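J.: What would the 3D arrangement of this be:
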Amino acid sequence: MARKPAAAAAGISTVAATTTKKRPTAAKPKAKAAAAPVAAAKAGKRALSTTATKKKPAPTPVKKETKEKLKPWQARGADGKLLPLPSASKPTLRTSFLIYLTDRLGELKNDNDYQKISPKTGEKVVDLVKASKQIGQEWRTLSQSQRAKYDALGEQAREEYEVALAKWKANLTPEDLRRQNAYISSQRKKGQRGPAFLRDPAKPKRPTSAFFVYLAEQRAQQSTIANITEFTKAGGQKWNQMSAEEKAPYEQRAQGALEQYRRDMEEYNKVKDAQL
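T.: Numbers count the residues shown, from 1 in each chain. Here you go, the predicted model:
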């Protein structure tokens, strides 16, 4: 009976030994601790790789100042506003009919037969289409005595117009001429008929031929010419029948005028080039 405790002790010792042998598995945390630096290193590489491959934002492009492209006939003044074409200040001719038209419109504006209601204001205004048609019919039936007053006013208006037109042309600058002629050219390309190209008043005029020198002499000898077309035609026939000796004085005058014109053009071009 005294051996049983010994056997029990032996059993306890065996169990203890068995339990003690299983404890070395606690070393696994060390392996995890050792793997931590490796994982951290890999994470660092991934972070570096992501940083390296991340595109830098593109620089904001600098906007270039685009120069305004004006049409050949356009220009801006010192205030930045578009300048009107030179033709805007060109004087207008008031003919005898326009003077009569103005007078009659003033008389018809209070006539109910020539009034209409303005769609914009709702007020009575002159019906210009109807009134102008009536005035045109009146003008065609006026006698010479009735038209005499307006013909005289028209002649006076023409003289004033010629003076104003010459002054307007004289004040045109080379830039004015360029702009206005560029506009006229653009309109002609569109098939629109417009005024003739402006000529620089300072530019020398090309002289006429020997025939026109002769014709001008013949015209000066006539007090009146009933039909200029027939006069020119008759002069041409006579010129063709003249001998070389008869034509020589006119050809010499024409040649002298041409040489003077060439000298004048040289001076004109020098002044024009200096202005550019």
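
J.: tell me what whatever helix or strand residue 147 lives in is packed against?
T.: Using DSSP states H and E, residue 147 sits within helix 144-170. Packing partners of helix 144-170 (3 or more CB pairs under 8 Å, 6 or more residues apart in numbering; DSSP states H and E): helix 96-108. (Each C-beta comes from the backbone N, C-alpha and C, glycine too.)

J.: so the helix it packs on versus helix 144-170, what angle?
T.: For helix 96-108 against helix 144-170, the angle by axes from the mean of the first three to the mean of the last three CA atoms, to 10 degrees is 110 degrees.

J.: Please pull up the helix or strand immediately following helix 96-108.
T.: By DSSP H and E, the next helix or strand past helix 96-108 is strand 115-117.

J.: what is the mean pLDDT for that next one?
T.: Confidence for strand 115-117, expressed as mean pLDDT, is 90.

J.: Only the buried residues of stretch 94-110, if you could.
T.: For stretch 94-110, the neighbour count (16 or more other CB atoms under 10 Å) marks 94-97, 99-101, 104, 108 as buried.

J.: CSV for those residues, including pLDDT and distance to residue 75?
T.: Formatted as CSV, those follow (pLDDT from 0 to 100; distance: CB to CB, whole Å):
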residue, pLDDT, distance to residue 75
94, 94, 30
95, 95, 33
96, 95, 38
97, 96, 36
99, 96, 36
100, 96, 39
101, 95, 36
104, 93, 41
108, 90, 42
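
J.: what's the closest of those to residue 137?
T.: residue 104 (11.1 Å; CB to CB).

J.: What ranges does the stretch 1-150 of the chain have for its strands?
T.: Taking DSSP state E, counting those that start in this stretch as the test, the strands found in the stretch 1-150 of the chain are 115-117, 124-126.

J.: How many residues are close by residue 176?
T.: 20 (other CB atoms under 10 Å).

J.: Among the buried residues of stretch 94-110, which one lies nearest to residue 69?
T.: residue 94 (39.6 Å).

J.: Pretty sure residue 206 sits in a strand.
T.: No. Using DSSP: H, G, I helix; E, B strand; the rest coil, the assignment for residue 206 is coil, not a strand.

J.: Once you drop chain neighbours, what's closest to it?
T.: Nearest non-adjacent residue to residue 206, counting by CB to CB, 6 or more residues apart in numbering: residue 261, 5.9 Å away.

J.: What is the helix ranked longest in the chain packed up against?
T.: Longest helix in the chain by number of residues (criterion: DSSP state H): helix 244-275. Under the contact definition 3+ CB pairs under 8 Å, 6+ apart, helix 244-275 sits against helix 210-220.
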